[in-house]
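Asks: Requesting a structural model of the entry that follows:
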Amino acid sequence: MRVRYAECDALGVVFNAHYLTYLDQTLTELFRSAMGGYRRLIENELDMVVADVHMQFHAPARFDEEIELEATVAHIGTTSLVTHHRIRRDGELLFAGEMVHVWVRRGSAEKTPIPDWARAGLQPWYEPANA
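Replies: Residues are numbered from 1 along each chain as shown. The predicted structure is shown next:
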């Protein structure tokens with residue numbers, strides 16, 4: 001993706017809070033590839049809530065640069081999903097992060113097991129070595 005002007009501070013550097021949006025965008029695309037999209041969760045009365053996020057900033061991304069957003073699945077638990085995220089520019093690591101989501105029943109926030117169809121869809125992105 002290309003860094004947009006609205007995501008940058010006065011120095012032209014991506015403001016830190018926008019990285020969570022980048023992680024969400026990456027996860028949305030992962031779900032589109034893995035399971036046909038996030039809508040499939042909603043159609044099955046499921047949702048996910050963020051339980052934990054860790055972010056490490058290695059170098060700044062700047063306005064109008066092209067950056068690569070990457071995500072892998074590090075852990076698929078009974079009700080939790082851990083994803084690892086990396087953002088690079090021309091191969092240089094700019095950002096590394098980890099997100100933990102808990103799967104819940106839509107409308108109640110009650111924890112619910114990750115269904116087999118979701119596990120199967122996420123399998124191609126599963127990299128336990130990165131856990």
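
Asks: Need the CA coordinates for the helix ranked longest in the chain. CSV is fine.
Replies: Using DSSP state H, we find that the single longest helix of the chain is helix 18-35. Output in CSV follows, covering the C-alpha atoms of helix 18-35 (Å, rounded to 0.1, in the frame of the first residue of the first chain):
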residue,chain,number,x,y,z
HIS,A,18,-2.3,4.4,12.3
TYR,A,19,-0.4,1.1,12.6
LEU,A,20,-3.4,-0.5,14.3
THR,A,21,-5.4,0.4,11.2
TYR,A,22,-2.7,-1.2,9.0
LEU,A,23,-2.9,-4.4,11.1
ASP,A,24,-6.7,-4.4,10.8
GLN,A,25,-6.5,-3.9,7.1
THR,A,26,-4.0,-6.8,6.8
LEU,A,27,-6.1,-9.1,8.9
THR,A,28,-9.2,-8.2,6.8
GLU,A,29,-7.3,-9.3,3.7
LEU,A,30,-6.0,-12.4,5.3
PHE,A,31,-9.6,-13.4,6.2
ARG,A,32,-10.8,-12.6,2.7
SER,A,33,-8.2,-15.1,1.3
ALA,A,34,-8.6,-17.6,4.1
MET,A,35,-12.3,-17.8,4.6
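
Asks: Just the mean pLDDT for that helix, thanks.
Replies: Looking at helix 18-35 alone, the average pLDDT works out to 97.

Asks: Check stretch 123-131 too.
Replies: Per-residue pLDDT values across stretch 123-131 average out to 81.

Asks: same question, stretch 39-57
Replies: For stretch 39-57, the per-residue pLDDT values average out at 97.

Asks: Now do it: distance to the chain's middle.
Replies: Relative to the chain's own centre, stretch 39-57 is displaced by 8 Å; criterion: Cα atoms, centre = their mean, to the nearest Å.

Asks: where along the protein do the strands fall?
Replies: Taking DSSP state E as the criterion, the chain contains strands spanning 46-57, 68-76, 80-89, 92-105, 110-111.
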